[in-house]
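Undergrad: Here is a sequence together with a model predicted from it:
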There are 2 protein chains.
Amino acid sequence: MKPLQNIQVLDFSHALAGPLCTYHLGLLGADVIKVERPEVGDDLRHYTEHAGAKNMSAPFVAANAGKRSIALDLKSAEGMEAARRLALRADVIVENFRPGVPKKLGIDYAAMQAINPKIIYCSLTGFGATGELKDWAAYDHIVQAMSGIMWLNGEPEQGPLKVGLPFADTFSGYVAAFAVMTALFQRERGGIGQFIDIGMLDATLMLLSQGIATFSMSGAVPIRTGNRGYRLVATSDTYQTKDGYLSIGANHQHQFVAMCQALGWTDILNNPCFADHQARSANNDLLRATLERHFASMSAEELEQKLAAVSVPVSKVRSIPEIIQHPHVQERDLFVQTSVPGLDHPVLLTGSGFRFAEDTPARHSSVPTIGQHTQEILREIGM
Amino acid sequence: MKPLQNIQVLDFSHALAGPLCTYHLGLLGADVIKVERPEVGDDLRHYTEHAGAKNMSAPFVAANAGKRSIALDLKSAEGMEAARRLALRADVIVENFRPGVPKKLGIDYAAMQAINPKIIYCSLTGFGATGELKDWAAYDHIVQAMSGIMWLNGEPEQGPLKVGLPFADTFSGYVAAFAVMTALFQRERGGIGQFIDIGMLDATLMLLSQGIATFSMSGAVPIRTGNRGYRLVATSDTYQTKDGYLSIGANHQHQFVAMCQALGWTDILNNPCFADHQARSANNDLLRATLERHFASMSAEELEQKLAAVSVPVSKVRSIPEIIQHPHVQERDLFVQTSVPGLDHPVLLTGSGFRFAEDTPARHSSVPTIGQHTQEILREIGM
């Protein structure tokens, strides 16, 4: 039995963070009913266009595979009656409207709890349900700017830099899924419903735990460190090779020795400037320049093989196509194969990011068209 | 009752991802017993030094507050007997050794399951328990390089860039906590134990869902887009002001008009080159240069106030001290106040990233010294 089998999720959310939350619940076996406006549907459907696949932008597909879609006009009496009947049998409700909108629509926590006292209601907003910023409009990069993550990302000698993916949206959706799972467990043991309040800012700040603890303990303000690894030494960095970039992590003495030996770098190995960690730290710039020179004429994949063979942490910097096609990733079977109406080939989507020995998260699904399951779902609730 | 009250977590993990997993479980009320080597303890304790607070590096504090520590030598008969007795009463075991090490130590899933058939056992590794990379050594930046996230992060005209925090470690720990919570719910309903296999690469890839879907649908290789927001237009970007950086998200026509009016930019508003979305897209470089010039002489906080007042998404790019001290964040009460032995002031740590109406995650805790609770825990298991 999948972990969330027989769990019903009523999903009033749109765009990115909310739908990603319910996508993860769906992968684990929940029946996710996505409520969409008739005809237009979720705005995210129209973000990019693909030949043949109408209303199926890539970000929409990535966040909505495996769900059922019901088209409801929440401003009509019939639409609200359907919403109420769906709420009555739901375990979880997820919405990511701006504060105040759910109440206007009549689907706020108080209204839904009156129908179904054990409901778990997850409200996902830019800045949370309370506090002076609660009514601020949020986009992903605005939350990144506010949270401190943009400040920390980038090269030290340049300005702050947005993380190169819709990070605040994506991570907030994941935090919401975790919060819902926690409330489900709590309810299973104690029988109570729950109201969950998540701001994208709250979720994003949570990832900054090291930087916040560092500042709070010592008063030192964390700064941008570019490509430097966590140890901030030249042997833990990323270098340009003749055909791509390579990250290495030769932090310990045995790793440094192994690297030099495997690559035939006796000049570096025998140089007293680089003899041990202390010497290498004192001559960090010289070592970086030396490594830059050496790596520049070599091939990234060749280096990767040679260093991995002697257990030095290493990876070529891979693009998305390169990592998807990597034999290791294919063997791990990490993706969900999805069919998209109008598209003539299956689409690979990311899965749960973990594997269970039993009932591992779902591997196959399809993406609903707007209101594809309206009739079927209305029948289920006797309408 | 806290969601994980009466749940016991036996934590054999060290460094970052594993301890962060159990930190999140602890925030939710679990009793986390951290097993450490006598005297040395978790290596992460020694990563940075703070006057007075011995063996209490900031990353260690951030990942281990609220736990109890027992010092056990797993290579001694007495140490293994204690581990077995702890496993017998545990609900969850978490470890992040390299593959093969748990078996050598006698604490692998098979051994623990034989003692406690309902155990939920979470194995957290760099590249997962299977596949050709399973024995590769992993550091955070190596996984970032492998996963494609480094490829996507940075300015388009420069090379790939590591995300400016230990992102693969931090996020993997969070995914592990979610997987454990899922298995707990599954066990509560169905009564079975579970083996959870998470690679840091698996978890990190999962955050790339939009990029992977885009490539899989269209064959287009996602590229670095620097500071550009998700819409890739000049009105959704980050600009230097006279006293800091500012991110704006004036994507829609009404937001663009509101921005120009609020800032008195009639020249831009009346320029036919920028009349609507289509015109602005066609003249994107000109618009960016114009905005750069206008923003350069203004103050970030003043701009933030003016734009927020007319509902244009906006944020000053804040550093960690700036966001921690923001009145909104203080009002949201997002942090855990922690006491650190040897330190004369409380430390702020990140909390769960969400709030519950009832039994919200813990707000206060302390950090254990090495083996601080050894006697107490040994008594509990009759030794």
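TA: Nice, thanks for sending it over. Residues are numbered from 1 along each chain as shown, chains lettered A, B, ... in the order given.
Undergrad: For the lowest-mean-pLDDT helix or strand in chain A, which outside residues touch it?
TA: The weakest-scoring helix or strand in chain A, judged by mean pLDDT, DSSP states H and E, is strand A:364-366 (a mean of 87). The contact list for strand A:364-366 (CB atoms under 8 Å, 6 or more residues apart in numbering or on different chains) reads A:26, A:65-66, A:336-341, A:349. All C-beta spots, glycine's among them, are computed from the backbone N, C-alpha and C.
Undergrad: Just put these in JSON lines and tack on neighbour count and secondary structure.
TA: Converted to JSON lines, these look like this (neighbours: other CB atoms under 10 Å in any protein chain shown; DSSP: H, G, I helix; E, B strand; the rest coil):
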{"residue": "A:26", "neighbour count": "28", "secondary structure": "helix"}
{"residue": "A:65", "neighbour count": "24", "secondary structure": "coil"}
{"residue": "A:66", "neighbour count": "22", "secondary structure": "coil"}
{"residue": "A:336", "neighbour count": "24", "secondary structure": "strand"}
{"residue": "A:337", "neighbour count": "16", "secondary structure": "strand"}
{"residue": "A:338", "neighbour count": "23", "secondary structure": "strand"}
{"residue": "A:339", "neighbour count": "15", "secondary structure": "strand"}
{"residue": "A:340", "neighbour count": "24", "secondary structure": "coil"}
{"residue": "A:341", "neighbour count": "14", "secondary structure": "coil"}
{"residue": "A:349", "neighbour count": "27", "secondary structure": "strand"}
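Undergrad: Report the two of these separated the most.
TA: Put simply, by CB to CB the two of the contacts of strand A:364-366 set farthest apart are A:26 and A:341, 17.3 Å from each other.
Undergrad: so what's residue A:215 closest to, chain neighbours aside?
TA: Leaving out its chain neighbours, the residue that sits closest to residue A:215 by CB to CB, 6 or more residues apart in numbering or on different chains is residue B:320, at 5.1 Å.
Undergrad: do residue A:100 as well
TA: Leaving aside its sequence neighbours, residue A:100 sits nearest to residue A:135 (CB to CB, 6+ apart; 7.8 Å).
Undergrad: Then residue A:256?
TA: Nearest non-adjacent residue to residue A:256 (CB to CB, 6+ apart): residue A:250, at 4.8 Å.
Undergrad: Kindly report the same for residue A:245.
TA: The spatially closest residue to residue A:245, leaving aside those adjacent along the chain, is residue A:317, at 3.9 Å (CB to CB, 6+ apart).
Undergrad: who are the neighbours in contact with that neighbour?
TA: Residue A:317 makes contact with A:238, A:244-247, A:300, B:145, B:150-151, B:160 under the criterion CB under 8 Å, 6+ apart.
Undergrad: one more time with 6 Å
TA: By CB atoms under 6 Å, 6 or more residues apart in numbering or on different chains, the contact set of residue A:317 is A:245, B:145, B:150-151, B:160.
Undergrad: where does the residue nearest to residue A:100 fall, helix, sheet strand or coil?
TA: coil (DSSP: H, G, I helix; E, B strand; the rest coil).
Undergrad: domain parsing for chain A?
TA: Here the domain parsing of chain A from automatic domain parsing is A:8-208+A:331-380, A:236-317.
Undergrad: If residue A:238 is in a bridge, with which residues?
TA: Residue A:238 has these beta-bridge partners by DSSP bridges: residue A:247.
Undergrad: Could you check how far the residue nearest to residue A:215 is from residue A:129?
TA: 24 Å (CB to CB, to the nearest Å).
Undergrad: Between the two, tell me which one has more neighbours.
TA: It is residue B:320, of residue B:320 and residue A:129, that has more neighbours when counted by other CB atoms under 10 Å in any protein chain shown, with 23 against 18.
Undergrad: ok, that one - contacts?
TA: Contacts for residue B:320 (CB under 6 Å, 6+ apart) come out as A:148, A:211-212, A:215, A:222.
Undergrad: now do residue A:220
TA: Applying CB under 6 Å, 6+ apart to residue A:220 gives the contacts residue A:214.
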